[in-house]
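model this:
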Amino acid sequence: MASIRKREGSWVAEIRRTGHKSVSKSFPTKSLASEWAREVASEMDASHYRDSRSLNSITFGDLIDRYTKEIGAVRPFGRNKAAVLKSVAAALGSMPLSGIAADRLGEYVDASRAGGAGGVTVGIDLTYIGGILKTASAIWKMPVDQTAVSDARARLAHLTVISLFPRACNQLGIKDLKFHDLRREGVSRLFEQLAHP
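Numbering: from 1, shown residues only. Now for the predicted structure:
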């Protein structure tokens, strides 16, 4: 059941459903509160709602430790995976699981690349991070954001292309060509093809 009431100048929507903890949120208008309540209630009814409040008290380091103990006991990790997990724990371990989002993993990608790690190395890191988040969601039923890893991969792919382009130009002896110039050329050719099919 959803209830909406005015409290101290804002509208508070509160939802109570069997099988879920009660959840509430404040809004500046009654219509925003009603809309949010309808969305969350329908997610709860369809068993798609995941309450992420519990993630504030669990760090990514805690999750890595649990993953290592439970999954590593079933399928022991090689030296490389163990070293990568240790490195990831050092970089992201103190962060609450609620903070593991695309922008934070993007910062991790940027910092790793700036520190000299290659695209493949960072890609392996993201694969392991994704595996941990997938395990947390599928096996431990934690409402973690698995899309953060795919967004960070897109950022990594962009950085890899940007960093490889100048090297390719140098090897081919091409001077005064910037990556940005290729976008203009690509759009020009696209319009030419549309004009003369």
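
Could you pull out the helices in this protein for me?
Along the chain, counting by DSSP state H, helices occupy 30-45, 60-74, 79-92, 102-114, 119-138, 147-172, 179-195.

How about residues contacting the first one?
If I follow you right, that is helix 30-45. With contacts defined as CB atoms under 8 Å, 6 or more residues apart in numbering, helix 30-45 is touched by 2, 4, 6, 11-13, 15, 17, 19-20, 23, 25-27, 49. From N, CA and C alone the C-beta is placed, and that goes for glycine too.

repeat for the shortest one
Taking contacts as CB under 8 Å, 6+ apart, the residues outside helix 102-114 that touch it are 91-92, 95, 119, 121-122, 125-126, 129, 145, 147-149, 151-152, 155-156, 159, 163.

what's near enough to touch the residue sitting nearest the centre point of the chain?
For the chain, A148 is the residue whose C-alpha lies nearest the centre (CA atoms, centre = their mean; 1.1 Å). Residues in contact with A148 (CB under 8 Å, 6+ apart) are I100, A101, A102, R104, L105, L133.

Pick out whichever of the residues you listed sits closest to W140.
Taking CB to CB as the measure, L133 is the one of these closest to W140, at 10.4 Å.
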